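J.: Output the structure for:
(2 chains)
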Number of protein chains: 2
Amino acid sequence: MYSPTIESLIEQFAQFSGVGRKSAERMAFYVLDTMSDEDAKKMAEVILDAKRSIKFCEICQNLTDTSPCHICSSAKRDRSVICVVETPKDVSAIEKTGQYNGLYHVLHGAISPIDNISPDDIRIKELLLRLAGGETEEVIMATNPTVNGTATAVYIQKLLKPFDIKVTRIAHGIPMGADIEYADEVTLSKALEARTEMN
Amino acid sequence: MYSPTIESLIEQFAQFSGVGRKSAERMAFYVLDTMSDEDAKKMAEVILDAKRSIKFCEICQNLTDTSPCHICSSAKRDRSVICVVETPKDVSAIEKTGQYNGLYHVLHGAISPIDNISPDDIRIKELLLRLAGGETEEVIMATNPTVNGTATAVYIQKLLKPFDIKVTRIAHGIPMGADIEYADEVTLSKALEARTEMN
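T.: Residues are numbered from 1 along each chain as shown, chains lettered A, B, ... in the order given. Down below sits the predicted model:
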């Protein structure tokens, strides 16, 4: 229904996961109708520039401007703990809590037989290489509490058995502020199981 | 929480209306983590190319590769009817019905005192210039049934009084397949008011 140029702009935006046809159309018309020529040029440049300059941190595998990244190269971080997450967004989420001062390791995915993602497809080798350094005392598995995330955590835990390293898993339970009435049964079971004594 | 380059990529996507911070992050990481360098380059090029080659049709003001657009220059369209819409997306929506064979006029907005959009800010002058040509017998006001869209339709209808042109408004009523129980009162009143005899 649109001219070929508009169609191909819509298609570009429609490839983002979670962006449907309608949203992609809205974005395309935002570029064409609302943005100035200069702003559109800026957007194209930022995409090219980001793609050019963002790389994987040679240590934690997070996406970064500089390698090693600012976390891995910080003298203030506790180098004895590594928190293993699936994505760069998880690093950001944990950093926002302000409660964690260790290092990270970004797997860039989780093992998923259905999607044909094997342990070799995510950055587990890189984690093992880091652990060989001997600085690490604890590895916190903070992969998602999904089937794939849990399988990945268990897989890595088994791999780490030969090392003299404590492997922990983030706690699962009722989210703060949530209603127990509406919690799903698995979460509620986990919450009961992991109950702690009140002091 | 992210490096400056990643932040500026997120900001680019966050400027789209309807795209929140979380979605913009997802889009940025899609570019950085999932897309190949080639695909990202393609996206930047398509944005630049679209912005460069898409222009307003000199007749109907729709966004188009070629001016006049394929609708305005088609010999098969009925040149005696002009359907006035707010946006290019509305043209596409009406074209999809396959029920309309006339021409269009895209206002690129609606009059909105609150948002400081006056009649001069949308393409009403261009519509008047077209009507001066004398070919037009009917103008269908297909602006949105919102406060602004309705005000715009009424404003244009009044402007067109001196011309010997029929001005019509698209019908409002209960959408097909919808439940009367859940229709809002204004729509239901309009639907009752505009009832037609059954044959």
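J.: Test of understanding: give the bridge partners of A:V167.
T.: A:V139 (DSSP bridges).
J.: Contacts only, for it.
T.: A:138-139, A:141, A:156-157, A:160 (Cβ atoms under 8 Å, 6 or more residues apart in numbering or on different chains). (C-beta placed from N, C-alpha, C; glycine too.)
J.: center of chain A - which residue?
T.: A:T87 (1.5 Å; Cα atoms, centre = their mean).
J.: what about stretch A:135-151, average pLDDT?
T.: Average pLDDT, stretch A:135-151: 92.
J.: tell me which residues in that stretch are buried?
T.: Buried residues in stretch A:135-151, defined by neighbour count with 16 or more other Cβ atoms under 10 Å in any protein chain shown: A:136, A:139-144, A:148-151.
J.: How about residues contacting it?
T.: A:79-86, A:90, A:94, A:102, A:107, A:110-112, A:117, A:127, A:130-131, A:152-153, A:156-157, A:160, A:163, A:165-170, A:172.
J.: at 7 Å what do you get?
T.: A:79-86, A:90, A:94, A:110-112, A:152-153, A:156-157, A:160, A:165-170, A:172 (Cβ atoms under 7 Å, 6 or more residues apart in numbering or on different chains).
J.: Pull up the distance across that stretch, start to finish.
T.: 26 Å (Cα to Cα, to the nearest Å).
J.: That one: how far from the chain's middle?
T.: Counting by Cα atoms, centre = their mean, to the nearest Å, stretch A:135-151 is centred 12 Å from the centre of its parent chain.
J.: repeat for stretch A:177-188
T.: 25 Å.
J.: What of stretch A:154-165?
T.: 21 Å.
J.: Mind exporting the C-alpha coordinates of that stretch to PDB?
T.: Output in PDB follows, covering the C-alpha atoms of stretch A:154-165 (Å, rounded to 0.1, in the frame of the first residue of the first chain):
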ATOM      1  CA  VAL A 154      23.000 -26.200  36.100                       C
ATOM      2  CA  TYR A 155      25.200 -27.000  33.200                       C
ATOM      3  CA  ILE A 156      27.800 -24.400  34.300                       C
ATOM      4  CA  GLN A 157      27.600 -25.500  37.900                       C
ATOM      5  CA  LYS A 158      28.500 -29.000  36.800                       C
ATOM      6  CA  LEU A 159      31.400 -27.700  34.700                       C
ATOM      7  CA  LEU A 160      32.800 -25.800  37.600                       C
ATOM      8  CA  LYS A 161      32.800 -28.800  40.000                       C
ATOM      9  CA  PRO A 162      36.600 -29.400  39.400                       C
ATOM     10  CA  PHE A 163      37.400 -25.900  40.400                       C
ATOM     11  CA  ASP A 164      37.600 -24.900  44.000                       C
ATOM     12  CA  ILE A 165      34.900 -22.200  43.600                       C
END
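J.: Buried residues, it. List them.
T.: Here stretch A:154-165 shows A:155-156, A:160 as buried, counting by 16+ other Cβ under 10 Å.
J.: Give me the subset of those residues lying in helices.
T.: Judged by DSSP state H, helices contain the following of the buried residues of stretch A:154-165: A:155-156.
J.: Of the buried residues of stretch A:154-165, just say which sits nearest to chain B.
T.: A:I156 (20.2 Å; Cβ to the nearest Cβ).
J.: Could you verify my assumption that that closest one touches A:I124?
T.: Yes: using Cβ atoms under 7 Å, A:I156 is in contact with A:I124, at 6.4 Å.
J.: just checking, which of the buried residues of stretch A:135-151 belong to helices?
T.: Checking these against DSSP H, those in helices are A:148-151.
J.: Nearest to B:T66 among these?
T.: Proximity of those to B:T66 (Cβ to Cβ) peaks at A:N148, which lies at 49.0 Å.
J.: Just give me how far the helix or strand of chain A with the lowest mean pLDDT sits from the chain centre.
T.: When the helices and strands of chain A are compared on mean pLDDT, DSSP states H and E, helix A:185-193 comes out lowest with a mean of 82. From the chain centre to the centre of helix A:185-193 is a distance of 25 Å (Cα atoms, centre = their mean).
J.: hmm, the longest strand along chain A touching chain B?
T.: Assignment by DSSP state E gives strand A:78-85 as the longest strand of chain A. No: using Cβ under 7 Å from any Cβ of the partner chain, strand A:78-85 never reaches chain B; the gap is at least 12.9 Å.
J.: Can you name the residues in contact with the helix or strand just after that strand?
T.: Using DSSP states H and E, the next helix or strand after strand A:78-85 towards the C-terminus is helix A:88-97. Identification of contacts with helix A:88-97 by Cβ under 7 Å, 6+ apart yields A:62-63, A:83, A:85, A:100, A:104, A:106, A:142, B:1-2, B:25, B:29.
J.: longest helix of chain A?
T.: Chain A, longest helix under DSSP H: helix A:37-53.
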